[in-house]
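S.K.: Quick one: sequence and predicted model below, then my questions.
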Amino acid sequence: EAGVAQSPRYKIIEKRQSVAFWCNPISGHATLYWYQQILGQGPKLLIQFQNNGVVDDSQLPKDRFSAERLKGVDSTLKIQPAKLEDSAVYLCASSLAGEQFFGPGTRLTVL
Amino acid sequence: QQQVKQSPQSLIVQKGGISIINCAYENTAFDYFPWYQQFPGKGPALLIAIRPDVSEKKEGRFTISFNKSAKQFSLHIMDSQPGDSATYFCAASFTYNTDKLIFGTGTRLQVFP
């Protein structure tokens, strides 16, 4: 089965610009997660969707970050405006019941 | 209280040796302890996991040892191979929300031939 797809793989922007990441989960997986992985740290959950509804967004900086999962399949994560400290790898994961499967991530560099 | 502390930060092991990575937690509400393996440019992948009702779980060359009273758990990689070179993350999640994984800071393992 195909894995979790993410695009773009790399993105370089200047601070105060906006950026969007896309995720296509494994077919049939109802739960989708977005994580932020800063260099040298473990992934930190930003937001969790169950189908197209938000389950947990307690650690999402809502003043600049937004995410949506229209139709309960694909998802986009947006940052507007970006700050230097947003430089990280943004991982998308999906699960059906239990194990989370991660995509390759999008490496964001904010200059 | 939601932290998972992981050590060492990096580890260099000779081929055939034993790699040991340790994690500690504070919150006794944690009920599920997985280990993830991450290769450069890839997302983390589940390696092995344990629940606190057992003290050890073994899958091939990988073993989790769990000490509930000490609130510690560790990953042992026996007969380490160069292909095991990766970053390893321990994690924990709660009984009431097994989806919410709290990750450790990671250990970069390098296995030299």
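M.R.: Done, it's in. Numbers count the residues shown, from 1 in each chain, chains lettered A, B, ... in the order given.

S.K.: rest of the way, CA atoms for contacts and neighbours
M.R.: Fine.

S.K.: Not counting its neighbours along the chain, what's nearest A:Val54?
M.R.: A:Gln48 (6.0 Å; Cα to Cα, 6 or more residues apart in numbering or on different chains).

S.K.: Quick check: mean pLDDT of the helix or strand where the one you found lies?
M.R.: Secondary-structure element containing A:Gln48, defined by DSSP states H and E: strand A:44-50. What strand A:44-50 shows for mean pLDDT is 95.

S.K.: quick one: contacts of that strand?
M.R.: Strand A:44-50 is contacted by residues A:30-37, A:54-60, A:67, A:69, A:72, B:100-103 when judged by Cα atoms under 8 Å, 6 or more residues apart in numbering or on different chains.

S.K.: what's the burial count for the residue nearest to A:Val54?
M.R.: Residues near A:Gln48, counting by other Cα atoms under 10 Å in any protein chain shown, number 25.

S.K.: Could you tell me how far it is located from B:Ile102?
M.R.: A:Gln48 sits 14 Å away from B:Ile102, going by Cα to Cα, to the nearest Å.

S.K.: Same check on B:Asn27?
M.R.: Relative to B:Ile102, B:Asn27 is positioned 11 Å away (Cα to Cα).

S.K.: Now list whatever residues contact both of the two.
M.R.: Residues touching both B:Asn27 and B:Ile102 (Cα under 8 Å, 6+ apart) are B:Gln2.

S.K.: near chain B, which residues of chain A?
M.R.: Applying Cα under 8 Å from any Cα of the partner chain, one finds that chain A approaches chain B through A:40-45, A:91, A:98-105.

S.K.: so who does residue 28 touch?
M.R.: No chain in the question, so chain A it is. When the contact criterion is Cα under 8 Å, 6+ apart, the partners of A:Gly28 are A:Leu96.

S.K.: You answered for a different chain; I wanted chain B.
M.R.: For B:Thr28, the contact set (Cα under 8 Å, 6+ apart) comprises B:Lys71.

S.K.: Selecting buried members of the residues of chain A next to chain B in ChimeraX, what would you type?
M.R.: This is the ChimeraX syntax for the buried subset of the residues of chain A next to chain B, where burial follows 16 or more other Cα atoms under 10 Å in any protein chain shown:
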select /A:42,43,44,45,91,100,101,102,103,104,105
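
S.K.: Out of the residues of chain A next to chain B, which sit inside strands?
M.R.: A:Lys44, A:Leu45, A:Leu91, A:Phe101, A:Phe102 (DSSP state E).

S.K.: Report the buried members of the contacts of strand A:44-50.
M.R.: A:30-37, A:54, A:56-57, A:60, A:67, A:69, A:72, B:100-103.

S.K.: Identify the bridge partners of A:Gln36.
M.R.: Residues in a beta bridge with A:Gln36, per DSSP bridges, are A:Lys44, A:Tyr90.

S.K.: For it, which residues are in contact?
M.R.: Going by Cα under 8 Å, 6+ apart, the list of residues near A:Gln36 reads A:Pro43, A:Lys44, A:Leu45, A:Leu46, A:Ala88, A:Val89, A:Tyr90, A:Leu91.

S.K.: For chain B, what lies in contact range of chain A?
M.R.: By Cα under 8 Å from any Cα, the residues of chain B that approach chain A are B:41-46, B:89, B:98-106.

S.K.: re the thing from before, strands - which of the buried ones among the contacts of strand A:44-50 land there?
M.R.: A:31-37, A:54, A:56, A:67, B:100-103.

S.K.: now, which of those residues sits nearest B:Lys5?
M.R.: Sorting those by how near they are to B:Lys5, with Cα to Cα, puts B:Phe103 at the top with 8.7 Å.

S.K.: Alright, I will stop here.
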